[in-house]
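Everything below, folded, please.
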Amino acid sequence: MNHYGNLQKIKNGKRTYGITPHIPGGFILPETLIKIGEVAKKYNGVLKITSGQRILITNLKEEDLKNIWEDLGMEPAVRNQYSVKNVEICPANFCKRSKYPTIGIGMKISKNFHGMPLPNRTKIGVAGCRNACSSVYSKDVGVLVDIDGKFFVTAGGSAGFYPRMSDIITKGLSEKEAYELVKSILEYYNEHGQMGEKLGDFIDRIGINTFRKDVLEKSNLKENL
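Just a heads-up that it's a prediction; the model follows:
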């Protein structure tokens, strides 16, 4: 079991830590949610619902981290900062505005790419319509569904220190094609991005036209904007 915890604060010489269990897409079973609450209460933790569709347990003592992870029986959301940190998914299958039930592709992306080592921290967003709930356009990689029910994929977004709107890579995709394009984008970024370089900065360095051309060729797809 991994005993990973983040140092949160040092006050009067006392250190407190926080942990964030992995909750794929922010969907959680009632019994798991109850367990998190019980464990937090046992160790005097404070719960915080994060922007990344996860639950942070903070105000913890370092010596308790091992037992806390064992009590939870869950995996950490982030093991390596330079990786796919999270895949944020809108509740498309349950939403009247959704044009496609995208929870499936979101969970597939999470299962296969969460924790994938990359040149820098990377967030992926998945939304069932152009309202783009969970701020998909500000994510490093975005998967969205257009008004015609077809997918389109974006890349290079950031809501961090240097905000950047993502670029649309191509439109008119099937679910399978969208998934393969996400895979190609991550692999291409890994192959050619510089360590510490955000995906948006990488795109700006080589140019969006070059990036789009290369990842589409890698996926055997054509540009459709």
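
rest of the way, CA atoms for contacts and neighbours
Fine.

could you say what helices and strands the helix or strand of the chain at the bottom of the mean pLDDT ranking packs with?
The weakest-scoring helix or strand in the chain, judged by mean pLDDT, DSSP states H and E, is strand 6-11 (a mean of 82). For strand 6-11, the packing partners by 3 or more Cα pairs under 8 Å, 6 or more residues apart in numbering; DSSP states H and E come out as strand 14-19.

partner strands of the strand it packs on, parallel or antiparallel?
strand 6-11 (antiparallel), strand 55-60 (antiparallel) (DSSP bridges).

Stretch 70-89 - what's its average pLDDT?
Stretch 70-89 shows a mean pLDDT of 94.

Just to check, residue 101 is in contact with residue 90?
No. Counting by Cα atoms under 8 Å, residue 101 stays clear of residue 90, with 9.7 Å between them.

Those two - which one has more neighbours?
residue 90 (26 against 19; other Cα atoms under 10 Å).

mind listing what that one touches?
Residues in contact with residue 90 (Cα atoms under 8 Å, 6 or more residues apart in numbering) are 25, 102, 103, 126, 127, 128, 133, 134.

quick one: the second one and residue 50, what's the gap?
Going back to what we said before, that points to residue 102. Computed with Cα to Cα, to the nearest Å, the distance linking residue 102 and residue 50 is 22 Å.

For the two, indicate the residue with more neighbours.
residue 102 (23 against 11).

dump the residue contacts of residue 218.
residue 184.

can you list the domains in this protein?
Using automatic domain parsing, the domain parsing of the chain gives 6-72, 84-218.

Among those domains, which comes closest to residue 78?
Judged by Cα to Cα, the one of these that comes nearest to residue 78 is domain 84-218, at 5.8 Å.

The helix or strand where residue 170 lies - contacts with which helices or strands?
Assessed by DSSP states H and E, residue 170 sits inside strand 167-173. Applying 3+ Cα pairs under 8 Å, 6+ apart, one finds that strand 167-173 makes contact with strand 151-155.

what's in contact with the strand it packs on?
137, 139-146, 166-175, 178, 181-182, 199-200.

Can I get the buried part of those as one ChimeraX selection?
Command for ChimeraX that selects the buried part of the contacts of strand 151-155, burial taken from 16 or more other Cα atoms under 10 Å:
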select :137,139,140,141,142,143,144,145,146,166,167,168,169,170,171,172,173,175,178,181,182,199,200
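
And residue 149, how far from residue 98?
Taken as Cα to Cα, the span from residue 149 to residue 98 is 9 Å.

Neighbour count: the two, which is higher?
Shown here are residue 149 and residue 98; by other Cα under 10 Å, residue 98 has more neighbours (22 against 17).

pretty sure the more buried one contacts residue 133?
No. Using Cα under 8 Å, residue 98 is not in contact with residue 133; the gap is 10.3 Å.

Could you check how far the closest residue to residue 26 other than its chain neighbours is from residue 25?
Leaving aside its chain neighbours, residue 26 sits nearest to residue 53 (4.5 Å; criterion: Cα to Cα, 6 or more residues apart in numbering). Using Cα to Cα, residue 53 is found at 7 Å from residue 25.

Same question for residue 134.
Distance from residue 134 to residue 25, by Cα to Cα: 11 Å.

Now do the shared contacts for the two.
88, 89, 90.

hang on, the earlier thing: so for residue 53 and residue 25, which residues contact both of them?
By Cα under 8 Å, 6+ apart, residue 53 and residue 25 have these common neighbours: residue 88.
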